[in-house]
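Engineer: The sequence and its predicted three-dimensional model are supplied below.
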Amino acid sequence: MAKEQGHGPYLRSGPLSWLVHDAPEYEERKKRSTFVPPSISIKDVHAAVPRHLFERNTAKGLFYVGRHVAISLLFYLFAKRIDAIVWNISSAFHWGPLGRSVLCWFLWALYWFWQSVALAGMWTLGHECGHDAISPHSWVNTFVGMGLHTWVLTPYFAWRLTHRSHHKGTNSLERDETYHPVTRKDLNLPNADHATQMDYMEIIEETPLYTLFKMVIRQFLGFQLYLIHNRKGNPKYPPGTSHYKPSSKLFKPQDRTSIIVSDIAIGCMLLFLAAWSYRTGFSNVWNLYFVPWLWAHNWIVMFTYLQHSDPTVPYYREKSWTFARGALATVDRPVFGWIGRFFWHGIAHDHVAHHFFVTIPFYNLPEVTKAIKPVLGEYYCYDSTPTLYALWRSFTQCTFVEAEGDVVFFKNQRGEALRECASEPTVADAGDSGNTVLMNGSMDDGEELKLTGL
């Protein structure tokens, strides 16, 4: 088994140790280095959830949307008054140019952070609409979701379709849609039995600075690059695959009209931004919209990547994948504490429950999590590791998976994995939960799958 790559004794034991430590829950999973795939039944998980938690309330859902949009608007109005605030404060305290400049940058940074948090929250609410979780009325979800996602330049219908596919194939190496891991073969590494440490060093080892550079590019631009040309998406799709292309293999022929509608909506948003820039100046739109929009993408990539990418979480191949196993390849994290709970509507806090029941409203998911944890037992994954450290840990240690094996775990840059599967399981080993997938990998429309809301 692997030893995790070090991050420096000073960081581990110095004044920043509270930011760079592995949580007890993560350490406990590491101790269970031999992994036995779960055989939990979706019916058992469903039976543990009180019926009233499945109910969707349109008024309550729209209240949360309205409150969120109102807060974002207040942030915008604050930014419009930054110059006046700086002038009034600097005049009152007789500050010179340097003091005014420092205060101006501080207030803009304050706005950029909170507005980026709010924009990421709009995206999460659009995600809820994509699952029909805001309202029992599909037209309400479509109208609200289209508006929210278009505002943050996400093609609503296109992303909704591929995201639902992600839920139907979570952590399946054949069918999952996003953050698809590369294999030993993709990296042209020698066979594990023959590879030496020098092979790993020459082919995949990186300097921390270069790793940080790659991480910044992925965090700020990765989601849009995925939408544009399927970057980090499933390699089964041909070159030129795009969420903006109605004929893309991502979609079925009957989806093409909705993809065109999404494209038109994004085009209208881009025209609005162009007109706004023309009337008020690009620097104004850059400060008010694009800077927080870029930071919002950083948050979106952060919490979506950490939901399923972790050294202790498995990937499955067709022979051993089931819906329940895919749903359990999910990690709940208290990302940014109350900020993630309030502004991002618990999208990281209760993601395991969301993967089992996609139409349950986000405001009911904390109770659902409490209800299903006893059923899931040790297969419920929770990790309170500080968020930014967890992000760095996954980015640096989730390097590749083996090209063979029915259940595989990420290996680091030294070719080491923290866990390994006890045996080569099959769908039949999953018991009742295996009924949710056919042997050819396509989803069965049986009663168990319907319980999840897909």
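Structural biologist: Happy to help now that I have it.
Engineer: okay, CA-based contacts and neighbour counts for the rest of this
Structural biologist: Noted.
Engineer: burial measure for residue 257, as a count.
Structural biologist: Number of residues near residue 257 (other CA atoms under 10 Å) recorded here: 12.
Engineer: Quick one: residues contacting it.
Structural biologist: The contact partners of residue 257, taken as CA atoms under 8 Å, 6 or more residues apart in numbering, are residue 246.
Engineer: And the pLDDT for it?
Structural biologist: As predicted, residue 257 sits at a pLDDT of 97.
Engineer: Then residue 118?
Structural biologist: pLDDT recorded at residue 118 is 98.
Engineer: Now do the strands in the chain.
Structural biologist: Secondary structure of the chain by DSSP state E: the strands cover 34-35, 315-316, 331-332, 381-382, 407-408, 420-421.
Engineer: Looking at these, which is nearest to residue 160?
Structural biologist: strand 331-332 (21.5 Å; CA to CA).
Engineer: Give me the sheet partners of the closest one and which way each runs.
Structural biologist: strand 381-382 (parallel) (DSSP bridges).
Engineer: And for the nearest residue to residue 294 once chain neighbours are set aside, the neighbour number?
Structural biologist: Leaving aside its sequence neighbours, residue 294 sits nearest to residue 220 (CA to CA, 6 or more residues apart in numbering; 5.7 Å). Using other CA under 10 Å, residue 220 has 20 neighbouring residues.
Engineer: Please report how far residue 220 lies from residue 280.
Structural biologist: 25 Å (CA to CA, to the nearest Å).
Engineer: Repeat that for residue 62.
Structural biologist: Residue 62 is 32 Å from residue 280, by CA to CA.
Engineer: The two: which is more packed in?
Structural biologist: residue 62 (16 against 10).
Engineer: And whichever helix in the chain runs longest, what's buried?
Structural biologist: Ranked by residue count under DSSP state H, the longest helix found in the chain is helix 97-130. For helix 97-130, burial by neighbour count (16 or more other CA atoms under 10 Å) applies to 100, 103-104, 107-108, 111-130.
Engineer: Show me the shaky parts of this protein.
Structural biologist: For the chain, the stretches flagged by pLDDT under 70 are 1-16, 18, 424-449.
Engineer: doesn't residue 326 make contact with residue 42?
Structural biologist: No - here residue 42 does not reach residue 326: they are 11.5 Å apart, not a contact under CA atoms under 8 Å.
Engineer: Grab the nearest non-local neighbour of residue 366.
Structural biologist: residue 350 (6.2 Å).
Engineer: just checking, that neighbour touches residue 369?
Structural biologist: Yes - if you go by CA under 8 Å, residue 350 and residue 369 touch, sitting 6.4 Å apart.
Engineer: Looking at these two, which is more packed in?
Structural biologist: Taking other CA under 10 Å, residue 350 and residue 369 do not tie; residue 350 has more neighbours (27 against 20).
Engineer: for the more buried one, what are its contacts?
Structural biologist: Contact partners of residue 350, counting by CA under 8 Å, 6+ apart, are 332, 333, 365, 366, 369.
Engineer: Ramachandran angles for the second one?
Structural biologist: Translated: residue 333. Residue 333 has phi and psi values of phi -140, psi 140 when expressed as degrees, to the nearest 10.
Engineer: Surely residue 328 touches residue 382?
Structural biologist: No - Residue 328 is beyond contact range of residue 382, at 10.8 Å (criterion: CA under 8 Å).
Engineer: neighbour-wise, which of these two wins?
Structural biologist: More crowded of residue 328 and residue 382, by other CA under 10 Å: residue 328, with 26 against 21.
Engineer: Contact partners for the more buried one?
Structural biologist: Counting by CA under 8 Å, 6+ apart, residue 328 touches 352, 379, 380, 381.
Engineer: Just to be sure, which of those residues are found in helices?
Structural biologist: residue 352.
Engineer: Which pair of the contacts of residue 328 spans the longest distance?
Structural biologist: 352 and 379 (10.4 Å).
Engineer: Which one's more surrounded, the two?
Structural biologist: Ranked by neighbour count (other CA under 10 Å), residue 352 and residue 379 place residue 352 first, with 29 against 18.
Engineer: What residues does the closest residue to that one other than its chain neighbours make contact with?
Structural biologist: Excluding the flanking residues, the one nearest residue 352 by CA to CA, 6+ apart is residue 330, at 5.6 Å. By CA under 8 Å, 6+ apart, the contact set of residue 330 is 307, 308, 313, 351, 352, 381.
Engineer: The fifth one is in contact with residue 327, isn't it?
Structural biologist: Yes - using CA under 8 Å, residue 352 is in contact with residue 327, at 6.5 Å.
Engineer: ok, the residue sitting nearest the centre point of the chain - contacts?
Structural biologist: The centre of the chain sits closest to residue 304, judged by CA atoms, centre = their mean, with a distance of 0.8 Å. Contacts for residue 304 were tallied using CA under 8 Å, 6+ apart; they are residue 348.
Engineer: Could you pull up phi and psi at the most far-flung residue of the chain relative to its centre?
Structural biologist: Within the chain, the residue lying farthest from the chain centre (CA atoms, centre = their mean) is residue 94, at 46.9 Å. Backbone torsions of residue 94, given as degrees, to the nearest 10, read phi 60, psi 40.
Engineer: picking up where we left off before, return the distance of the residue nearest to residue 366 relative to residue 210.
Structural biologist: For residue 350, the distance to residue 210 - CA to CA - is 33 Å.
Engineer: can you check residue 337 too?
Structural biologist: Counting by CA to CA, the gap from residue 337 to residue 210 is 30 Å.
Engineer: Who has more neighbours out of these two?
Structural biologist: In this view residue 337 and residue 210 are compared by other CA under 10 Å, and residue 337 has more residues nearby, 14 against 10.
Engineer: Now do that one against residue 211, distance only.
Structural biologist: 27 Å.
Engineer: cool, and residue 122?
Structural biologist: Taking CA to CA, one finds residue 122 at 30 Å from residue 211.
Engineer: Ok, residue 362 next?
Structural biologist: Residue 362 is 34 Å from residue 211, by CA to CA.
Engineer: Give me the more crowded residue out of the two.
Structural biologist: residue 362 (26 against 14).
Engineer: quick one, what contacts that one?
Structural biologist: 128, 133, 345, 346, 347, 354 are the contacts of residue 362 under CA under 8 Å, 6+ apart.
Engineer: about what we covered before: going by distance to residue 173, which of the contacts of residue 350 wins?
Structural biologist: Relative to residue 173, and with distances defined as CA to CA, the nearest of the contacts of residue 350 is residue 332, at 21.2 Å.
Engineer: isn't that closest one right next to residue 354, touching?
Structural biologist: No - the criterion here is CA under 8 Å, and residue 332 misses it with residue 354 at 10.2 Å.
Engineer: hmm, back to that, and the two most separated of the contacts of residue 350?
Structural biologist: That would be 333 and 365, which, of the contacts of residue 350, are the farthest apart (CA to CA) at 13.5 Å.
Engineer: Thank you kindly, that will do.
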